[in-house]
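Novice: Sequence and predicted structure, then a few things I'm wondering about:
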Amino acid sequence: AQSVAQPEDQVNVAEGNPLTVKCTYSVSGNPYLFWYVQYPNRGLQFLLKYITGDNLVKGSYGFEAEFNKSQTSFHLKKPSALVSDSALYFCAVRDYNDYKLSFGAGTTVTVRA
Amino acid sequence: DSGVTQTPKHLITATGQRVTLRCSPRSGDLSVYWYQQSLDQGLQFLIQYYNGEERAKGNILERFSAQQFPDLHSELNLSSLELGDSALYFCASSAGTSYEQYFGPGTRLTVT
């Protein structure tokens, strides 16, 4: 079975400060990891993915994430947060031989001006 | 805009009724996925179709069924609706060789 944990329901940061959203995962095989963002009354937007290769992956809107196999983590980061980054962020995982995505509960990010 | 379309955007119906949600994947995508998003259950995978055939099944109730048609659009049928079925239903699609899924805007179902 595969699962994702997002330990923080909410993250609050000031604009211009670094933003980190935490994610840990559990899969039986090699993980494929994803971050999605959801704005109010909208669908999920794909931000970035880790499949293989470099542990640091870069995605849309200045976001990046670091894959850490020993800690089974895939934290999302942004060096300088914007007010417009305020949204609900989901981490997701799938096993390499399974197409089903398992999502975390989501983390609400609020960036204050 | 992800390129995935879903209709209708909103649906209000009564308990015991049956509804059909429709999804058109991105051009060229062969895989379609259905998810349910609710406050208490979060985002739950329901079912996946690939080029017309069911490929994976998740937490889908027996009252729910889906299919993918030759033109690759998909429909999710929900029957004998209960209050607890009220949720956002998302469709997503992916290409055969791609790993990420692209989500539609969702259908908000309210059962009264």
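Specialist: Right, received. Where do you want to start?

Novice: make it CA atoms for all contacts and neighbour counts henceforth
Specialist: OK.

Novice: quick one: contacts for the closest residue to chain A within chain B?
Specialist: Nearest residue of chain B to chain A: residue B:105, at 4.2 Å (C-alpha to the nearest C-alpha). Counting by C-alpha atoms under 8 Å, 6 or more residues apart in numbering or on different chains, residue B:105 touches A:41-44, B:4-6, B:9, B:90.

Novice: try it again with 6 Å
Specialist: Under the criterion of C-alpha atoms under 6 Å, 6 or more residues apart in numbering or on different chains, the contact list for residue B:105 reads A:42-43.

Novice: same deal with residue B:83?
Specialist: residue B:111.

Novice: Check the spacing between it and residue B:77 real quick.
Specialist: 16 Å (C-alpha to C-alpha, to the nearest Å).

Novice: ok, back up a step: check the secondary structure at the residue of chain B closest to chain A for me.
Specialist: Using DSSP: H, G, I helix; E, B strand; the rest coil, the structure places residue B:105 in coil.

Novice: And for the one 3 residues further on?
Specialist: Secondary structure assignment for residue B:108 (three-state DSSP): strand.

Novice: so it bridges to which residues?
Specialist: Under DSSP bridges, the beta-bridge partners of residue B:108 are residue B:10, residue B:88.

Novice: Doesn't residue A:84 belong to a helix?
Specialist: Yes: the assignment for residue A:84 is a helix, going by three-state DSSP.

Novice: quick one, what contacts whichever residue of chain A sits closest to chain B?
Specialist: Residue nearest to chain B within chain A (C-alpha to the nearest C-alpha): residue A:43, separated by 4.2 Å. Neighbouring residues of residue A:43 by C-alpha under 6 Å, 6+ apart: B:103-105.
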